[in-house]
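*Asks:* Requesting a structural model of the entry that follows:
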Amino acid sequence: MKDLLQITDLTSDDLALLLELATGFQDDPGSAGHLLAHRMVPMYFATPSTRTRLSTAAAVTRLGGTPVTVGPDELHVRHGEPIADTARVMGSYSAAIVIRTPADADVREAASAAPVPVVNALTDGHHPLQAVADLLTVQEHFGDLRGRRVAYVGGGGSVARSLMEAAALTGMHIAAATPLGYEPPDEAIAFAATEADRNGGCFVLTTDPVEAVRGADVVYTGGRPPAGGPKDDRARRRKALVPYRVDEHLMALAGGDAVFMHCLPARRGEEVAPGVIDGGRSLAFRQAANRLPAVQAVLYALLTGRLKGHR
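*Replies:* Okay, here's the model as predicted:
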């Protein structure tokens, strides 16, 4: 397996290995400190980033490499050079390439052209690095994943999709509550249902946040509305998601030991009540910290040929 573009690139064993590696890097951050000695990893960010950008830079540094962040205004992509040509050139200088850009097609094109591993650092369709960190956080807190119940409440975008897919590969029980018209893509629903069943879990899609959250071990929501796009679309999405706000009342319906998770950045008072995200049941900032060992594990596994993949 050369690239990580989406969670469905991974097998269940691949994901288990990434979580094992990430746990190891939590305990001993510098254990592979010579892997990228004298090598560079360019990080192309076409959209803003805090956690992904900084955690990836730190991970490359921990592996002994030099991270170099570039944006569209600094490359010829903005001026007409095909992204495939850019990726081919980047790959001739570097050990791996990390890309954040809205279009999944651009990431696939870059991966096809680059001679080195390409990692998707967020597109409109997928956020695999976030999902690995999410499961690492759940595993760290509860000690296991299989059979745990996670409820995602909100729009079915890239974070929800990758979380569903990853949870299904580990045998978790997943319930996603999304408004009509904001469901995850059909292929993501089919994958989550099939893989959850194969691995001893289950998947439920509903429009009712109460149904999704009742008895859950983890209640998860994400930011809204998405950046960019017409203002009327953002306003319509915001209105549709009002009933999906996670507050103390909704959290009370979850299991007694349930925790709250959020991919950040968070809009307090919009998708989550301040008392929830800043309360004692919140793991949101632990999630953010775990982005570092998660991306370190992904880079290490790709660069050492440890992942089998489906392709």
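
*Asks:* where along the stretch 151-300 of the chain do the helices fall?
*Replies:* Secondary structure of the stretch 151-300 of the chain (DSSP state H, counting those that start in this stretch): helices at 158-169, 186-198, 209-213, 231-241, 248-251, 274-277, 284-303.

*Asks:* Where among those helices is average confidence lowest?
*Replies:* Lowest mean pLDDT within the helices of the stretch 151-300 of the chain: helix 231-241, a mean of 84.

*Asks:* would you put the C-alpha positions of that helix in CSV?
*Replies:* Extracted C-alpha coordinates of helix 231-241, given in CSV (Å, rounded to 0.1, in the frame of the first residue of the first chain):
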residue,chain,number,x,y,z
LYS,A,231,-23.9,32.2,2.0
ASP,A,232,-27.5,31.0,1.6
ASP,A,233,-26.2,27.3,1.5
ARG,A,234,-24.4,27.9,4.7
ALA,A,235,-27.4,29.5,6.3
ARG,A,236,-29.6,26.6,5.2
ARG,A,237,-27.2,24.1,6.6
ARG,A,238,-26.9,25.9,9.9
LYS,A,239,-30.7,25.9,10.3
ALA,A,240,-31.0,22.2,9.5
LEU,A,241,-28.4,21.3,12.1
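
*Asks:* Pull out the buried residues from it.
*Replies:* Going by neighbour count (16 or more other CB atoms under 10 Å), the buried part of helix 231-241 is 237, 240-241. Backbone N, C-alpha and C define where each C-beta goes, glycine included.

*Asks:* Tell me the one among the residues you listed nearest to Leu169.
*Replies:* Here the nearest of the buried residues of helix 231-241 to Leu169, counting by CB to CB, is Leu241; it sits at 27.1 Å.

*Asks:* Tell me how far that closest one lies from Asp186.
*Replies:* 21 Å (CB to CB, to the nearest Å).

*Asks:* re earlier: format the helices of the stretch 151-300 of the chain as TSV; extra columns: distance to Ile83.
*Replies:* Formatted as TSV, the helices of the stretch 151-300 of the chain follow (distance: least, CB to CB, whole Å):
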stretch	distance to Ile83
helix 158-169	19
helix 186-198	24
helix 209-213	38
helix 231-241	26
helix 248-251	42
helix 274-277	36
helix 284-303	20
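
*Asks:* Of all those, which one is nearest Val119?
*Replies:* In terms of CB to CB, the element of the helices of the stretch 151-300 of the chain nearest to Val119 is helix 284-303, at 6.1 Å.

*Asks:* other SSEs contacting that closest one?
*Replies:* Applying 3 or more CB pairs under 8 Å, 6 or more residues apart in numbering; DSSP states H and E, one finds that helix 284-303 contacts helix 12-27, helix 51-62, strand 118-120, helix 128-142, strand 259-262.

*Asks:* Try it again at 6 Å.
*Replies:* helix 12-27, helix 51-62, helix 128-142 (3 or more CB pairs under 6 Å, 6 or more residues apart in numbering; DSSP states H and E).

*Asks:* count of residues packed around Leu17?
*Replies:* Leu17 has 17 neighbouring residues, counting by other CB atoms under 10 Å.

*Asks:* Closest one of the buried residues of helix 231-241 to Arg149?
*Replies:* Of all those, Arg149 sits closest to Leu241, with 22.0 Å by CB to CB.
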